[in-house]
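Q: Give me a model of this one.
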Amino acid sequence: MSQTADPSPSRLRRVLRWVGRLLLVGILLLCLVVTMSWYEVTHPKLATLELSSPKVSGRPLRVMQMTDLHDVSMPQRQEVIEMVREQDPDLIAVTGDLINMYTEDLNRIDAWFADLAALGIPVHVVPGNHDHWEGRVGPVVEMAQANGATVLQNTNVTFDGPWGKLDVVGTDDYYTGVGDLDKAMQGTREDAFQLVLTHSPQVFDDLAASDAELAICGHTHGGQVRIPGIGAIHTPGGGGLFPRLDKGLFDAGSAQLYIDSGVGQSIPLRLFDQSQITLITIHPS
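A: Numbers count the residues shown, from 1 in each chain. I've put the predicted structure just below:
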């Protein structure tokens, strides 16, 4: 009766060496992922989007969108403010979720609006789901207004200029069930470009049935973790695995919906999805 020989010492050493190498590679990959995530969370970038419309005349309209601030810290705020200053847009659109679930002190939100006001650029704001969930939408709105921002909750304002006629339409938050695009669009002008500010992509069906040209939102954070060439694995607030409406520009009937991945995040993790703001330029056509 034969017996299987025990592994020789040399063979065991080879196995241990390979195990050690795999562990080292795993540790190095983990360190790389952690470093990349830290950088993408803490260093916002400037994204750009170029569009055109026959309703824009004269010179292009330049809109700076920032969304999902989520009470981020001062270094990020300073970087964002400086990028906005350098680009000098016609208006700033803040599309919701200024606070986080754990926000206790609203002074940093007040500081955001104070810094934006100091730029001398008109600011338009709509609330997000976190602003409603934490029951602080009232104080947040008051802070925005005290610093000269225009808060839009299912209403609109005119913002005409060298770009022609512009109606800025703002919905309240669709994710928490208080958004109403039909109501927000009431009184808009047929010959004006209609820019819709909203927080979440749940506006999609109403947008597709509307006469608006463009809606911009956030909420998804771009998934926070993305697979290059594929997109988000999952987005906050539903959508399932590999959701379609995760980040970027989408057709919604005759309108378009742009989803920005945002400045802040629910948890301090981003991968292939760097924190960002977006300069949207709408050219005459």
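
Q: Quick check: residue 190 vs residue 272, distance?
A: 42 Å (CB to CB, to the nearest Å). Every residue, glycine included, has its C-beta placed from N, CA and C.

Q: For those two, indicate the residue with more neighbours.
A: More crowded of residue 190 and residue 272, by other CB atoms under 10 Å: residue 272, with 18 against 9.

Q: Phi, psi for that one please.
A: Main-chain dihedrals, residue 272, degrees, to the nearest 10: phi 60, psi 30.

Q: how about the helices in this protein?
A: With helices called from DSSP state H, the chain shows them at 9-42, 74-87, 107-118, 129-133, 137-146, 181-185, 204-208.

Q: For residue 163, give me its contacts.
A: By CB atoms under 8 Å, 6 or more residues apart in numbering, the residues touching residue 163 are 56-61, 90, 193, 282.

Q: could you redo the last one with a cut-off of 6 Å?
A: 56, 58, 61 (CB atoms under 6 Å, 6 or more residues apart in numbering).

Q: Does the last one touch residue 284 like I think?
A: Think residue 61. No - Residue 61 lies out of contact with residue 284 (CB atoms under 6 Å); the separation is 9.1 Å.

Q: which stretches of the stretch 101-250 of the chain have low pLDDT?
A: 237-238 (pLDDT under 70).

Q: make it 90
A: 101-108, 134-136, 234-241 (pLDDT under 90).

Q: related to what we said a few turns ago, okay if I get the contacts of residue 163 as CSV plus distance to residue 26?
A: Shown next, in CSV, are the contacts of residue 163 (distance: CB to CB, whole Å):
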residue, distance to residue 26
56, 52
58, 57
61, 49
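
Q: mind listing what the most centrally placed residue in the chain touches?
A: Nearest to the geometric centre of the chain sits residue 262, at 2.6 Å (CA atoms, centre = their mean). For residue 262, the contact set (CB under 6 Å, 6+ apart) comprises 67-68, 218, 221.

Q: rewinding a little: scan the contacts of residue 163 and report the most crowded one.
A: Neighbour max across the contacts of residue 163 (other CB under 10 Å) = residue 61, 26 neighbours.

Q: so how far is residue 59 from residue 250?
A: Taking CB to CB, one finds residue 250 at 27 Å from residue 59.

Q: Please compare these two by neighbour count and tell me which comes out ahead.
A: residue 250 (18 against 13).
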